[in-house]
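Peer 1: My questions are about this predicted structure, shown below with the sequence.
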Amino acid sequence: MPRKISISIVLIALLALLGFGAWTVLFKPSGLPPEGFARGNGRIEADLVDISPRLAGRVAEIRVREGDRVASGDVLAVMDTTELASQLRRAEAAVANAEAAVGVAAAEVTEAEAKLALARSEQARAETLRARDMVSQQDLDIRHTETRVAAAAVAAAKANQRARQRAVDAEDAVRAEIAARIADSTLVAPGAGRVLYRLAQPGEIVGSGGKLLTLVSLEDVYMEFFLPATEAPRVRIGDEARIVPDIMSHTAVPAVVSFVSPQAQFTPKQVETVTERESLMFRIRVSIPPELVAARLDQVKTGVRGVAWVRLVGGDGRLPDWPEGLIPPLVATPTHSPVDRP
């Protein structure tokens with residue numbers, strides 16, 4: 001009997017120990033941030049950029065692979081332009097023909113102006129002779145008519161020249177449009193980034209707007225999190241922040257508050273507790289400085305979870321100092337490992 005009681009006591013003690021451990025791990029609340037500070041959970045994110053051709057066509061070549069890092073202006077892919085090149089040659093020939101027609105029209109204007117000058121000269125001579133009664137009024141009237149006809153011919157020739165010039169402009173616009181299509185067939189990176197997906201291969205036919213590549217933009221790397229209505233109004237755009245990634249829990253990445261939502265919303269579903277889901281929250285975005293991202297491009301990974309820290313403006317309008325040793329800042333000096341502390 002005493003042996004059974006001893007075994008029961010041991011089992012109860014073990015169960016109590018396991019229960020305390022489970023409560024500590026699963027239910028014990030974490031420590032609150034220091035006074036004047038707020039934090040929130042989030043993921044390091046960056047915008048996704050789809051690389052697509054403006055026109056349907058055949059893919060001639062794709063010059064990058066998944067995982068490659070690209071800089072602004074790098075050529076990523078080239079569409080086949082054989083048909084467009086033929087259209088461009090025809091358009092250039094049409095422009096040349098139109099310009100030649102303008103030259104002919106200009107010569108016609110010169111000829112018409114010469115005839116007008118001659119008609120005016122003969123009219124002036126006839127008027128002089130008529131004053132001396134050496135020609136009839138009929139001859140003078142004929143000279144006046146010829147002058148008016150020559151003037152009308154000049155006006156018509158100039159109008160024809162303007163029309164020919166407009167034809168040149170129209171043909172040149174067609175040429176420029178085709179040249180723009182050829183230029184658009186070379187797809188370049190809009191900014192610094194990394195190739196996330198390669199969605200097509202050379203030789204494939206893709207439609208207008210069909211995706212060839214998806215890039216992760218490294219020009220704006222940020223983390224978004226949520227703060228309650230009691231704290232969000234005390235966060236200002238442009239204030240310093242810190243991001244502590246889970247894989248670098250011993251240090252922090254300096255950041256800047258780049259967005260504070262002007263409108264409250266209910267807490268997203270990923271917040272598990274009922275009390276937090278029922279409260280109104282404000283979305284906050286903190287962005288990592290571009291120079292820090294540029295210095296550590298090989299280490300930048302999106303989707304990494306972590307904690308964002310911000311300072312709250314006090315009643316006197318001041319921000320508290322970062323506690324020494326609490327969150328040591330990361331500097332913009334490249335390291336060989338994403339977990340190395342600078």
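Peer 2: Yep, it's here. Since this is a predicted model, take the numbers as computed values, not measurements.
Peer 1: where exactly do the strands run in the stretch 101-250 of the chain?
Peer 2: 186-188, 193-198, 205-206, 213-228, 240-245 (DSSP state E, counting those that start in this stretch).
Peer 1: now could you export just the CA positions of the second one as CSV?
Peer 2: In CSV, the C-alpha atoms belonging to strand 193-198 read as follows (Å, rounded to 0.1, in the frame of the first residue of the first chain):
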residue,chain,number,x,y,z
GLY,A,193,16.1,43.2,-57.6
ARG,A,194,16.4,39.4,-57.6
VAL,A,195,14.8,37.0,-60.0
LEU,A,196,12.1,35.1,-58.1
TYR,A,197,10.4,33.1,-61.0
ARG,A,198,11.3,32.4,-64.6
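Peer 1: how about that strand: buried residues?
Peer 2: Of all the residues in strand 193-198, those buried under the rule 16 or more other Cβ atoms under 10 Å are G193, R194, V195, L196, R198. (Each C-beta comes from the backbone N, C-alpha and C, glycine too.)
Peer 1: circling back to that earlier point, could I get the strands of the stretch 101-250 of the chain in JSON lines, plus columns for mean pLDDT and distance to H144?
Peer 2: Below are the strands of the stretch 101-250 of the chain laid out as JSON lines (pLDDT from 0 to 100; distance: least, Cβ to Cβ, whole Å):
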{"stretch": "strand 186-188", "mean pLDDT": "95", "distance to H144": "65"}
{"stretch": "strand 193-198", "mean pLDDT": "91", "distance to H144": "77"}
{"stretch": "strand 205-206", "mean pLDDT": "93", "distance to H144": "71"}
{"stretch": "strand 213-228", "mean pLDDT": "90", "distance to H144": "76"}
{"stretch": "strand 240-245", "mean pLDDT": "89", "distance to H144": "89"}
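Peer 1: Which one, of these, ends up nearest to G315?
Peer 2: Smallest distance to G315 across the strands of the stretch 101-250 of the chain (Cβ to Cβ): 18.0 Å, for strand 213-228.
Peer 1: List the strands paired with the closest one, with their directions.
Peer 2: As defined by DSSP bridges, the strand partners of strand 213-228 come to strand 37-51 (antiparallel), strand 193-198 (antiparallel), strand 280-287 (antiparallel).
Peer 1: ok, and what's touching the second one?
Peer 2: Defining contact as Cβ atoms under 8 Å, 6 or more residues apart in numbering, one finds that strand 193-198 is touched by 46, 48-49, 62, 64-70, 76, 212-219, 297, 300.
Peer 1: Would you map the helices across the stretch 1-150 of the chain?
Peer 2: Here the stretch 1-150 of the chain has its helices, by DSSP state H, counting those that start in this stretch, at 2-26, 82-131, 137-184.
Peer 1: Go through those helices and name the closest to R39.
Peer 2: helix 2-26 (20.4 Å).
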